[in-house]
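S.K.: Compute the structure for the input listed below.
(4 chains)
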There are 4 protein chains.
Amino acid sequence: MSDRITITGLVATQPRHIVTSEGLPITSFRLASTRRRFDTSAEKWIDGETNWYTVTAFRQLATHTAESVNKGDRILVVGKLRIREWESDERTGTGIEVEAEVEAEAIGHDLM
Amino acid sequence: MSDRITITGLVATQPRHIVTSEGLPITSFRLASTRRRFDTSAEKWIDGETNWYTVTAFRQLATHTAESVNKGDRILVVGKLRIREWESDERTGTGIEVEAEVEAEAIGHDLM
Amino acid sequence: MSDRITITGLVATQPRHIVTSEGLPITSFRLASTRRRFDTSAEKWIDGETNWYTVTAFRQLATHTAESVNKGDRILVVGKLRIREWESDERTGTGIEVEAEVEAEAIGHDLM
Amino acid sequence: MSDRITITGLVATQPRHIVTSEGLPITSFRLASTRRRFDTSAEKWIDGETNWYTVTAFRQLATHTAESVNKGDRILVVGKLRIREWESDERTGTGIEVEAEVEAEAIGHDLM
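M.R.: Numbering: from 1, shown residues only, chains lettered A, B, ... in the order given. Model prediction:
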């Protein structure tokens, strides 16, 4: 069983659409999911922590996403999570970079 | 933990929107989710069985759903499942009626 | 995308294990999932409504479930939901019977 | 809506159980979830990539997890995902560290 995740969030980069030399459409973008929590001292809802994801869609879902999803949209994503680690070699030194990637099975505009 | 479900399907009835005497907005509609499966003899995708749900949204999600969701739309729903049973007394006799209800936490237009 | 569900509940019937003539192991049982809710007047948690499911496992998961799961166990199930309808012809008349079936992808003993 | 995830994996560290000065039981451990994929050239299932998580349970679930879950167990976890970033200051330089944390709502021993 794959690690399966359901997310609502804000599209943070304009979706990038490519078609591979084999003819496979791929669309990907960054998604920011911010948990809202009630601040009891201020007596109002405030933004909590943000989870960042790279969301990737393939085939027909990639084509439709490229046509309909834009930076700033609020969307709902269901997919498989992959936590990718790699060694980086940045100006500041060497470190382990980690990125949360979601291979989308379904994407929709969030009505909330 | 509630029974939590993720569904994609077709809105089968025009969403009905009410506001209770306490001021609570409620929107509900029927949703048909049909599993597609590959028929190896016909070598094409065909419709399989259909799950029927009554989807209900409350508060802000109810208001937005009433404004944006119409009969015939393909949507994505995340919510809590409730399987409701009651005794019916129909012309044809008495039986146990069962209905699958989903209290929506998120609804979006499906881009697939 | 299939209708995917996550449930915790009580095994209500002793799991029944068969092996088909093609050698496919199948195990199935009834599961009762009861929502707990806080009764503010009585100031304690009480049992709410119960969802009933028929859970079915295939292959290796079927074999392990038959060995380890018993009536009365609390378990956690992840799987695909299928709402099956059929016409019944009971003593009391004819009606539409509905049953919620879950094809299990993962089953575990619930530690809660 | 929180980012909700369902995982099966291997417990990679012996669960650590503490009770805070306020009396709150907390149990946490590392979990490795490895996707299996079919290698068509070798004609067998092989291990694919591994997702690493820190799983944390609170209250009654923390107590039961500490009693029943051990390093090496295969388990099933349902919970809320939090991707935590912080600046590290390691020997090799400064970098952004990222960790995937799951606040467990349900944990069970995986029967697969």
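
S.K.: low-confidence ranges in chain A?
M.R.: Within chain A, the set of residues satisfying pLDDT under 70 comprises A:86-97.

S.K.: For chain A, which segments count as helices?
M.R.: Applying DSSP state H to chain A gives helices spanning A:59-68.

S.K.: Report the buried residues of stretch A:37-51.
M.R.: Buried residues in stretch A:37-51, defined by neighbour count with 16 or more other Cβ atoms under 10 Å in any protein chain shown: residue A:51. For the C-beta atoms, the positions are set from N, CA and C on the backbone; glycine is no exception.

S.K.: Strands of chain A, start to end?
M.R.: In chain A, the segments counted as strands under DSSP state E are A:4-11, A:16-19, A:25-39, A:44-58, A:74-90, A:93-110.

S.K.: So for chain B, which of those strands sits nearest?
M.R.: Judged by Cβ to the nearest Cβ, the one of the strands of chain A that comes nearest to chain B is strand A:93-110, at 2.6 Å.

S.K.: Mind checking the strands of chain A for the one nearest to chain C?
M.R.: strand A:93-110 (5.1 Å).

S.K.: buried stuff in that closest one?
M.R.: Neighbour-count burial for strand A:93-110 flags A:95, A:98, A:100, A:102, A:103, A:104, A:105, A:106, A:107, A:108, A:109, A:110 (criterion: 16+ other Cβ under 10 Å).

S.K.: any idea which of those is the one closest to chain D?
M.R.: Closest to chain D, out of all of the buried residues of strand A:93-110 and judged by Cβ to the nearest Cβ, is residue A:95, at 2.9 Å.

S.K.: Beta-bridge partners for the nearest residue to residue A:13 once chain neighbours are set aside, please?
M.R.: Distances taken as Cβ to Cβ, 6 or more residues apart in numbering or on different chains place residue A:30 nearest to residue A:13, at 4.4 Å, with adjacent residues excluded. In this entry, residue A:30 is beta-bridged to residue A:54, by DSSP bridges.

S.K.: was I right about residue A:30 contacting residue A:53?
M.R.: Yes. The criterion here is Cβ atoms under 8 Å, and residue A:30 meets it with residue A:53 at 7.1 Å.

S.K.: Please state the offset of stretch A:20-37 from the chain centre?
M.R.: 5 Å (Cα atoms, centre = their mean, to the nearest Å).

S.K.: Same check on stretch A:99-112?
M.R.: Distance of stretch A:99-112 from its chain centroid, counting by Cα atoms, centre = their mean, is 6 Å.

S.K.: In CSV, list the C-alpha atoms belonging to that stretch.
M.R.: C-alpha atoms of stretch A:99-112 as CSV (Å, rounded to 0.1, in the frame of the first residue of the first chain):
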residue,chain,number,x,y,z
GLU,A,99,11.2,17.3,-0.3
ALA,A,100,7.6,16.1,0.0
GLU,A,101,6.2,15.1,-3.4
VAL,A,102,2.6,14.1,-4.2
GLU,A,103,1.7,12.1,-7.3
ALA,A,104,-1.8,13.3,-7.8
GLU,A,105,-4.7,10.9,-8.4
ALA,A,106,-7.3,13.6,-8.2
ILE,A,107,-7.2,17.4,-8.2
GLY,A,108,-10.2,19.8,-7.7
HIS,A,109,-10.8,23.5,-7.0
ASP,A,110,-11.6,23.7,-3.3
LEU,A,111,-15.1,25.2,-2.6
MET,A,112,-14.3,26.1,1.0
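
S.K.: Is any residue of it near chain D?
M.R.: Yes. Contact of stretch A:99-112 with chain D (Cβ under 8 Å from any Cβ of the partner chain) involves A:99, A:100, A:112.

S.K.: near chain B, which residues of chain A?
M.R.: A:6, A:8, A:60-61, A:64-65, A:68-69, A:75-76, A:78, A:106-112.

S.K.: which of those residues are buried?
M.R.: Listed as buried from those are A:6, A:8, A:61, A:64-65, A:69, A:75-76, A:78, A:106-112; burial here means 16+ other Cβ under 10 Å.

S.K.: List the contacts of the nearest residue to residue A:14 once chain neighbours are set aside.
M.R.: Nearest residue to residue A:14 in three dimensions, chain neighbours excluded: residue A:71, at 4.5 Å (Cβ to Cβ, 6+ apart). Residue A:71 makes contacts with A:11, A:12, A:13, A:14, A:15, A:29, as judged by Cβ atoms under 8 Å, 6 or more residues apart in numbering or on different chains.

S.K.: Give me the phi and psi for the residue of chain A positioned farthest from its centre.
M.R.: What lies farthest from the middle of chain A is residue A:41; by Cα atoms, centre = their mean that is 31.9 Å. When read as degrees, to the nearest 10, the backbone of residue A:41 gives phi -70, psi -40.

S.K.: pretty sure residue A:47 contacts residue A:33?
M.R.: No. Contact status for residue A:47 versus residue A:33: not in contact, 11.0 Å apart, counting by Cβ under 8 Å.

S.K.: Just confirm residue A:5 contacts residue D:1, I think it does.
M.R.: No. Assessed by Cβ under 8 Å, residue A:5 is found out of contact with residue D:1, at 11.6 Å.

S.K.: Looking at these two, which is more packed in?
M.R.: Between residue A:5 and residue D:1, counting by other Cβ atoms under 10 Å in any protein chain shown, residue A:5 is the more crowded of the two (21 against 18).

S.K.: Could you measure from that one over to residue D:51?
M.R.: Separation of residue A:5 from residue D:51 (Cβ to Cβ, to the nearest Å) stands at 11 Å.

S.K.: now do residue A:35
M.R.: 21 Å.

S.K.: How about residue A:39?
M.R.: Relative to residue D:51, residue A:39 is positioned 32 Å away (criterion: Cβ to Cβ).

S.K.: go on, residue A:77?
M.R.: For residue A:77, the distance to residue D:51 (Cβ to Cβ) stands at 17 Å.

S.K.: With residue A:98 instead?
M.R.: Note on residue A:98: its distance to residue D:51, by Cβ to Cβ, is 10 Å.

S.K.: Find residues that contact each of those two.
M.R.: With contacts taken as Cβ under 8 Å, 6+ apart, residue A:98 and residue D:51 have A:83, D:100 as neighbours in common.

S.K.: Spell out which parts of chain A neighbour chain C.
M.R.: Residues of chain A lying near chain C by Cβ under 8 Å from any Cβ: A:1, A:4, A:78, A:105, A:106.

S.K.: so what's the closest residue to the last one other than its chain neighbours up against?
M.R.: Translated: residue A:106. Leaving aside its sequence neighbours, residue A:106 sits nearest to residue A:78 (Cβ to Cβ, 6+ apart; 4.5 Å). By Cβ under 8 Å, 6+ apart, residue A:78 lies in contact with A:4, A:5, A:6, A:7, A:104, A:105, A:106, A:107, B:6, B:76, B:78, C:1.

S.K.: ok, 10 Å please
M.R.: Taking Cβ atoms under 10 Å, 6 or more residues apart in numbering or on different chains, we find residue A:78 in contact with A:4-7, A:102, A:104-108, B:6-8, B:76, B:78, B:108, C:1, C:4.

S.K.: Right, I'll leave it there.
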